[in-house]
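Asks: pasting the sequence and the predicted coordinates here, then a few questions.
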Amino acid sequence: MPTYASVLEGRLPRSQTPISHLSSAPPAPANDTSAASERHSDGRSAAEPKNPRGGASQTSVAEDEEVLDAYSRAVTHVVEQVGPTVVSISRKTGRTPAGAGSGVVFTPDGYVLTNAHVAAGATQLELGFTDGTTSEAIVAGVDHATDLAVVRANGSTPNHARFGASSALRVGQLVIAIGNPLGFSSTVSAGVISALGRTMRARDGRAMEGIIQSDVALNPGNSGGPLVDSRSRVVGINTAIILGAQGLSFSVPIDTAKWVVGELMTSGRVRRGWLGIAGQNRPIDRDLARRLGLSHASGVEATAFDERGPASRTKMRPGDIVVGIDGRPVASVDDIHRALQQWTQARAIKLRVLRDRALVEVEVTPVEGPP
C-alpha cells in the first residue's frame, strides 16, 4: 500500500549514522614526476592511452557535455522560477508539534496548495519561505477524497507558481520536485514520468484516479510540494511513496487540483452527489449476466440505506444490485463514486438494478453529500 510521504519532523533518527563527507583518492607524491615528464611524440603522457580514432572521443565528450548542460539549465531554471514559491508547512495539534510538509503558493494573495493529510486536523500552521521569513496560515478548505487542501498565509507572500496541464504530460517527460523532505528545506530532485493514469486509494477509501507516477526521489516532508515540468509549470502535487521501494513516487494531477481548488475557494468544500446507499461489491452469475445483456459480471449490492439519503425514499430495498447509472455500467463501488464525483444539483439519475434475477429501473435525485 502507498505510504503518504508527509508528516515527519525534520530530525534524523538517533540510531542513524551521521552523514560523512566522501574522501577523494590520496594525491601522488610530490617528487614522483616520471609519468608526467615522459611523453610520446603525439603529445600524450606515458600514462595516457592512445585514442585509435583520433578526435572522435573528444567530439563525443563535447556532445555529452552539451546534453548535460541542457539538462542542467532546464532544472536550474525551474528552481529559480518555482523555488521561491515553495513553502515548508509546520503543523501543531494543541501545543504539540505534529510534523511537517510542503506547499506551493498559487495566487498573489497568499493561497497555498498542499495535501489534505498535511493540513487537516492542525490547530496551528506556520509557513516557512525560502528567504527565511515565516507566516501563520489558516485552512481554507480540505478534500480528503483527492488528498488536497488549500491554506492561506496571513502575511505577504513571494511570487506565485503557474499551473500547467497534466493532460498534456507524456511518459518519459522530465519533471522536477521541490520540497522539504525530513526538514531539509528547498530540496530539489529530478526524474521522469514513469506512468500516467494510476489509481490509488485516498484515506477515506475513495479511488484517486489519474495519478502521476514518477521516479523522482520523494521522502516524508515532500507531501504537498509541487511536481514541475521543464517550463516551470506545476503539473502535480506530490502525495505518496511506497516504503521500501525505490523510484516509485506518486502525485495528484494538477487538472484534478484545479477543479478541487475552485470548489474549496468558492465554498470551502468539494460538493459531490450522495445517494445514502451502503453497499459492497458483489459478483453476478456469468450466465445470468449474459442472459440480461450485461457487459460485466459484478455490481454493487445495497446492504443498507441512510434515512437522510434520497435512496431511502425510493423503491430500492436491501439486496438490490446496482449494475448501471444513466446507461453507464457499474461494476464496483468506485463506479458509483465516479458517477457522483461532480455533483449537479437537482438532476435525477436512473439506476439500473438487478432484483430477483431481473432488471428494474429506479429514478433518484442525488443530494449534496455530508461533509
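Replies: Perfect, thanks for sending it. Numbers count the residues shown, from 1 in each chain.

Asks: quick check, central residue of this structure?
Replies: Nearest to the geometric centre of the chain sits Ser251, at 1.8 Å (C-alpha atoms, centre = their mean).

Asks: does Met316 count as helix, strand or coil?
Replies: Per DSSP: H, G, I helix; E, B strand; the rest coil, the secondary structure class of Met316 is coil.

Asks: tell me who's in contact with it.
Replies: By C-beta atoms under 8 Å, 6 or more residues apart in numbering, the contact list for Met316 reads 277, 302, 305, 351, 353, 362, 364. Any C-beta I mention is one placed from the backbone N, CA and C, and that applies to glycine too.

Asks: could you dump these to a markdown table with secondary structure, pLDDT and neighbour count?
Replies: Formatted as a markdown table, the contacts of Met316 follow (DSSP: H, G, I helix; E, B strand; the rest coil; pLDDT from 0 to 100; neighbours: other C-beta atoms under 10 Å):
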| residue | secondary structure | pLDDT | neighbour count |
| --- | --- | --- | --- |
| Ile277 | strand | 94 | 25 |
| Ala302 | strand | 95 | 23 |
| Phe305 | strand | 95 | 20 |
| Leu351 | strand | 95 | 25 |
| Val353 | strand | 97 | 23 |
| Val362 | strand | 95 | 16 |
| Val364 | strand | 94 | 22 |
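
Asks: need the helix or strand of the chain with the lowest average pLDDT.
Replies: None of the helices or strands of the chain scores lower by mean pLDDT, DSSP states H and E than helix 34-37, at a mean of 40.

Asks: how close does Gly268 get to Arg152?
Replies: 12 Å (C-beta to C-beta, to the nearest Å).

Asks: contacts only, for the closest residue to Val79 other than its chain neighbours.
Replies: Nearest non-adjacent residue to Val79, counting by C-beta to C-beta, 6 or more residues apart in numbering: Val188, 5.5 Å away. Contact analysis of Val188 by C-beta under 8 Å, 6+ apart lists 75, 79, 83, 176-178.

Asks: pLDDT at Val188, what is it?
Replies: We have a pLDDT of 96 for Val188.

Asks: following element in sequence after the helix or strand that it is a member of, please.
Replies: In this assignment (DSSP states H and E), Val188 forms part of strand 187-201. Using DSSP H and E, the helix or strand that follows strand 187-201 towards the C-terminus is strand 207-214.

Asks: so what's Ala74 up against?
Replies: Counted by C-beta under 8 Å, 6+ apart, Ala74 has contacts 174, 230.

Asks: just checking: what are the partner strands of the strand holding Val188?
Replies: Within its sheet, strand 187-201 is paired with strand 174-179 (antiparallel), strand 207-214 (antiparallel), according to DSSP bridges.

Asks: of all those strands, which one is nearest Gly141?
Replies: For these, proximity to Gly141 was assessed by C-beta to C-beta; strand 207-214 is nearest, at 17.3 Å.

Asks: contacts for the closest one next, please.
Replies: In contact with strand 207-214 (C-beta under 8 Å, 6+ apart) are residues 145-147, 166, 169, 175, 177, 191-202, 227, 235-236, 239, 248-253, 255-256, 334, 337-338.

Asks: go through stretch 221-241 and flag the buried ones.
Replies: Residues of stretch 221-241 classed as buried: 221-230, 232-241 (neighbour count, 16 or more other C-beta atoms under 10 Å).
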